[in-house]
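Peer 1: Sequence plus the predicted model coming up.
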Amino acid sequence: MSVEPLSQKDVEERLKELPGWSTDGVRISRKYSFDGHFAAAALVIHIAQIQEELGHHAELTLGYNTVALAVNTHSVGGKVTGLDVELARRIEAVAPGHGAR
C-alpha cells in the first residue's frame, strides 16, 4: 500500500468513490449515524479489526448513536496517503452491515 502523500487533487478524486467522506486538506473524515448505541459500538469494534489488519489507525469518536473518524498518515508528516483511502474504503464496505447511514 502506498505511503507516499497524495496530492489534494488525488485525494478529492479518490473520495468521489467514497460517499460521505471529506477532506480538510490534512486528513480524510466521515461521521456515521445509527439507530442506537450498540450498533455504533459494534462498528467501532469492526473498524478496530480492520485497523489491526492494515496496521493503520484512525482517530475514532464513539457517541451515543454516532461514530466519527479522521485519518492521515503520521509517518509522512500527517498527509493523506493511499493507506488512508484504503482504510476508508474498507470501513465504507462494512458500515452498512451495522446500520450506518
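Peer 2: Yes, it's here.

Peer 1: In which helix or strand does the residue nearest to Leu54 when sequence neighbours are not counted reside?
Peer 2: Excluding the flanking residues, the one nearest Leu54 by Cβ to Cβ, 6 or more residues apart in numbering is Leu87, at 5.8 Å. For glycine as for every other residue, the C-beta is placed from the backbone atoms N, C-alpha and C. For Leu87, the host element (DSSP states H and E) is helix 82-94.

Peer 1: would you put the C-alpha positions of that helix in PDB?
Peer 2: Coordinates of the C-alpha atoms in helix 82-94 are reproduced here as PDB (Å, rounded to 0.1, in the frame of the first residue of the first chain):
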ATOM      1  CA  GLY A  82      -3.300   5.600  -0.300                       C
ATOM      2  CA  LEU A  83      -3.300   3.700   3.100                       C
ATOM      3  CA  ASP A  84      -5.800   6.200   4.500                       C
ATOM      4  CA  VAL A  85      -8.000   5.800   1.400                       C
ATOM      5  CA  GLU A  86      -7.800   2.000   1.700                       C
ATOM      6  CA  LEU A  87      -8.800   2.200   5.400                       C
ATOM      7  CA  ALA A  88     -11.800   4.400   4.400                       C
ATOM      8  CA  ARG A  89     -12.800   2.100   1.600                       C
ATOM      9  CA  ARG A  90     -12.700  -1.000   3.900                       C
ATOM     10  CA  ILE A  91     -14.800   0.800   6.600                       C
ATOM     11  CA  GLU A  92     -17.200   2.000   4.000                       C
ATOM     12  CA  ALA A  93     -17.700  -1.600   2.900                       C
ATOM     13  CA  VAL A  94     -18.700  -2.900   6.300                       C
END
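
Peer 1: Quick check: buried residues in it?
Peer 2: Buried residues in helix 82-94, defined by neighbour count with 16 or more other Cβ atoms under 10 Å: Gly82, Leu83, Asp84, Val85, Glu86, Leu87, Ala88, Arg90, Ile91, Glu92.
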